[in-house]
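[1] Mind folding the following:
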Amino acid sequence: MTLKTDLVLVEKLKHINSEYSRIFCLPEMQLLRHQFRAQHPIGLFVFGCMDGRNNIPNAGELPAGIIQNYRYLGGAWEWWNYLDLVFYNDLMYWINQGKSCLVFVSYHFSKSDKCLGCAGFDHDVDKAIKSNIIFKKKIERVYGVSHSVVFPVLLGLETDEEALIIHGNNHELTLNVAELKEYDENGIRAILAEMFQKIQPEMLKFLLRLIRGNIEHVAKIRASNRSIITLNHCEWVLALGQGLDWFYRPNQAIIVGMYSNKPEEAIIKAAGIIEENISEGRISKEEGFVLLASSSFRSEAGVEKPRACERALENMRFAKKVIGNNFPQLTDFMHPLTVVTNLDNRKFIEVKDIHF
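    Numbering: from 1, shown residues only. A predicted model of the protein is given here:
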């Protein structure tokens, strides 16, 4: 079949990135990030599912660019070499500045419909929690169980209302934001003190801010009376790599971090969701979908940017091969776009492939 145009969705994606970058670079937004980091001088990280509904920064009403996100199939994290290297380098960026790091290991589920939960864990929330506890313990074995510098926390997200569930150190004590009628700082502080022994003051302060933001966010979701059906998969972007935090729109993108030693498994799962979206009419056959390969860099000087370009190009070549071998029917609907994102302004640059 013939698609309407190869440019409609690609141009739409470029516009989304451009608008995000414009807002990200506004003087008041930059000042807000500086102010937030001065008030909360810690490194912040989230490990989560590739599902776009799992959006912790948005649920906490946090300024853009505050949290470093890692995404993979179902959030089923394993300690492979590339993940170890990337995570270590990101941690050391903050630790070398004398700051501690709060690391959220997250899962998501729907309270109204089990099938709206995480497909990577067969919609089984208990299975997701157990897997994330295992990964949290790996972080503790590597970076210390005392949590004096790196503090991992198990975090749930109920996607109907986008309410957070914070698990204590023993994983049994929890704080479900959906059950809080108002922000009682002293009461919440006492609950967190019981859940987390010897928590650092700056980390406690951030958790209080996260909870306050989530209370406000849940109230907005409830007031909107949105239909649960809008939470079903409608993704028209299959994105791979890093530097993708500019695209956080629920149910529009599946984001696959290339961290596993078998990344084809995640790509096959994501492509299967795209194929179902097309066959079920949730996205247009005439418009198709965007296969987005991305990497990121901080400095224009030296080798950092060229390295990012090569990573993005290799991700695209690999994804095309996997999709072509497993879903050849999807190639007619696919619009490839390879980019590298400048982390200073969140603006991406298109990278053209090199034909040897």
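
[2] what about the strands in the stretch 151-300 of the chain?
    Counting by DSSP state E, counting those that start in this stretch, one finds strands in the stretch 151-300 of the chain at the ranges 163-167, 174-176, 237-241, 253-256, 289-297.

[3] Going by mean pLDDT, which of these comes out lowest?
    The stretch with the lowest mean pLDDT among the strands of the stretch 151-300 of the chain is strand 253-256, at a mean of 86.

[4] Convert that strand to CSV, retaining C-alpha atoms only.
    Provided in CSV are the C-alpha atoms of strand 253-256 (Å, rounded to 0.1, in the frame of the first residue of the first chain):
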residue,chain,number,x,y,z
ALA,A,253,5.8,6.3,22.1
ILE,A,254,7.4,3.0,23.1
ILE,A,255,10.9,3.8,24.3
VAL,A,256,13.5,1.0,24.3
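
[5] which strands and helices sit next to it?
    When contacts are defined as 3 or more CB pairs under 8 Å, 6 or more residues apart in numbering; DSSP states H and E, strand 253-256 packs onto strand 68-72, strand 237-241, helix 263-279. Placement of C-beta: from N, CA and C, glycine included.

[6] Quickly compare those and say which is most buried.
    Highest mean neighbour count of those: strand 237-241, a mean of 26 (counted as mean count of other CB atoms under 10 Å).

[7] how far does it sit from the chain's center?
    12 Å (CA atoms, centre = their mean, to the nearest Å).

[8] do stretch 98-105 as well
    16 Å.

[9] got the buried residues for that stretch?
    Buried residues in stretch 98-105, counted by 16 or more other CB atoms under 10 Å: 99, 100, 101, 102, 103, 104, 105.

[10] Just the mean pLDDT for the strand or helix carrying the fourth one, thanks.
    Okay, so that is residue 102. According to DSSP states H and E, residue 102 maps onto strand 101-109. Per-residue pLDDT over strand 101-109 has a mean of 94.

[11] That one packs against which elements?
    strand 43-49, helix 81-95, helix 125-143, strand 150-158, helix 201-224.

[12] quick revisit: switch the strands of the stretch 151-300 of the chain over to a markdown table; also include distance to residue 332.
    Compiled in a markdown table, those are given as follows (distance: least, CB to CB, whole Å):
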| stretch | distance to residue 332 |
| --- | --- |
| strand 163-167 | 40 |
| strand 174-176 | 45 |
| strand 237-241 | 15 |
| strand 253-256 | 19 |
| strand 289-297 | 11 |
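
[13] Which one, of these, ends up nearest to residue 28?
    Closest approach to residue 28 among these is made by strand 289-297 (24.0 Å; CB to CB).

[14] Where does pLDDT dip in the stretch 1-150 of the chain?
    Counting by pLDDT under 70, the ranges of the stretch 1-150 of the chain that qualify are 1-6, 74-75, 119-120.
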